[in-house]
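Any chance you can model this:
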Amino acid sequence: MSDYMIHNRTGNIHNSGGSNNTRINKDNAGSSNILVDSFGRKIDYLRLSVTDRCNLRCTYCIPEQGINLLRRSEMLTYEEIEKSVKMLADAGIKKIRITGGEPLVRKDIVALIKKIRESSELEDLSITTNGILLGRYLYDLKSAGLNRINISIDSLDPEKFSAITGGGSLFDVTAGLKKAIEMGFSGLNVNTVITDILDTEDVREFISMSMKMPVNIRFIEMMQLPISGNNHGTLVECSTFPGFLSKPPLLPAPSAGKTRLSVVDIMKIMQKYGKFEKTDIIAGFGPSVYYKNKNSKGSIGFILNDKCFCSFCNRIRLTSSGKIKLCLFSDLEFDLKDRLRKKIPVELIKKQLCSFISCKPENREESCRLNVIETGDTGGHKNRNMSKKLRNNMELRLSDYMNRTGG
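Numbers count the residues shown, from 1 in each chain. Down below sits the predicted model:
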């Protein structure tokens, strides 16, 4: 089993962001406009949510009672998105992933992607999609300058896929994926969330896909989501086995009565397909560990929810409502839309943003632990007093639904 161990970050954890995610000396950043937080992390990756709408209703993403959607006037316009991207690129953002909701449901999305590519000198421009509309847009997306595609697929069983997604067509999604391969898209990732509904047969099907197709299958551990109307998270484990990464020689067994597959369970299934070895492929810019079989065309990856990856965090999020978020678990926000609509000078906004970036919490636990109290709008952003008082019953949960913050 040693070949399947995920080493701790002082050992051999793969950081798919490459050298751009290393800590740097803020005094020697090389430019006053580079976004660097107080822990020396260089922020050069933006998750850009262009809509909170989606054409699916995945059970783990949207609660049964639904959620309130933004009014059109509350969303960033395309012109505001273009201005935001240009400003952030000038400040040091080099990589952008377009997300939602489902980004392909927003009207004229291809035109926006083309303008983003033309107006900014980006190293990478990618998209995360559920794949339902992908086949319809692939040629235009490639022409617009899109580099990579992430497709969310949580089962390769058509009936189960439909049940998870609220009626989605697996045929449409896989047809889009195959077409993307034929068109020569590189860096194709299939994201699969480890939910209670994921079973051994699903895992086998995904492993078989990685053997036959040049795609990276990425199993993603779930995170807690807030329940509409209160501050409590659903009963979702943020990490299958707390401390798993910090003790690489150990292979924990699933706890008694546990029904959800764990990362370790998936690794055991992988063994039946031959030896998988850790690989240093670059399949994204987030926390990930990848394994490859010598006979496979693709790879198997894991996106784990462990705070050790926070040391490498190089990202911020711009929500469809125009708020910049430092961490999925943090309530801190920078209202970029409000500043744009008030016509605050760009250089002043950039200066305020650099100040805001310095507030990025060290890790996700710190984001949840801090007693955040709003104290007014000083220093160019919603300044909040990060009190040393800790929440007695701190819950590790997301601050909002992913369709609003961006996947």
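
for the residue nearest to Ile113 when sequence neighbours are not counted, what are its contacts?
Once flanking residues are discounted, Ile113 sits nearest to Ala144: 4.4 Å by Cβ to Cβ, 6 or more residues apart in numbering. All C-beta atoms are positioned from the backbone trio N, CA, C, and that covers glycine. Each residue near Ala144 by Cβ atoms under 8 Å, 6 or more residues apart in numbering is listed here: 110-111, 113-114, 117.

Swap in 7 Å and give it another go.
For Ala144, the contact set (Cβ atoms under 7 Å, 6 or more residues apart in numbering) comprises 110, 113-114, 117.

tell me which residues form a beta bridge with the closest residue to Asp124 other than its chain neighbours?
Once flanking residues are discounted, Asp124 sits nearest to Lys95: 4.3 Å by Cβ to Cβ, 6+ apart. Beta bridges link Lys95 to Tyr45, Asp124, judged by DSSP bridges.

So Lys95 sits against Ser120, correct?
No. Lys95 is not in contact with Ser120 according to Cβ atoms under 7 Å; the separation is 10.7 Å.

Looking at those two, which is more packed in?
Higher neighbour count among Lys95 and Ser120: Lys95, with 21 against 18, using other Cβ atoms under 10 Å.

any idea of the pLDDT on that one?
pLDDT, Lys95: 95.

do the one 4 residues further on as well
According to the model's per-residue confidence, Thr99 sits at a pLDDT of 96.

Kindly report the same for Pro249.
27.

Would you map the helices across the chain?
78-91, 109-119, 134-144, 158-165, 170-182, 200-212, 263-271, 336-341, 346-357, 364-369, 402-405 (DSSP state H).

Return the most buried member of the ones you listed.
Of all the helices of the chain, helix 402-405 has the most neighbours on average by mean count of other Cβ atoms under 10 Å, namely a mean of 22.

quick revisit: please produce TSV containing the helices of the chain, extended by distance to Ser320 and mean pLDDT.
Output for the helices of the chain, formatted as TSV (distance: least, Cβ to Cβ, whole Å; pLDDT from 0 to 100):
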stretch	distance to Ser320	mean pLDDT
helix 78-91	9	96
helix 109-119	12	96
helix 134-144	19	97
helix 158-165	21	93
helix 170-182	23	98
helix 200-212	30	97
helix 263-271	31	94
helix 336-341	10	97
helix 346-357	18	93
helix 364-369	21	74
helix 402-405	7	67
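
Any chance of TSV for the ones you listed, columns distance to Leu35?
Shown next, in TSV, are these (distance: least, Cβ to Cβ, whole Å):
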stretch	distance to Leu35
helix 78-91	5
helix 109-119	18
helix 134-144	26
helix 158-165	36
helix 170-182	32
helix 200-212	35
helix 263-271	32
helix 336-341	13
helix 346-357	5
helix 364-369	18
helix 402-405	19
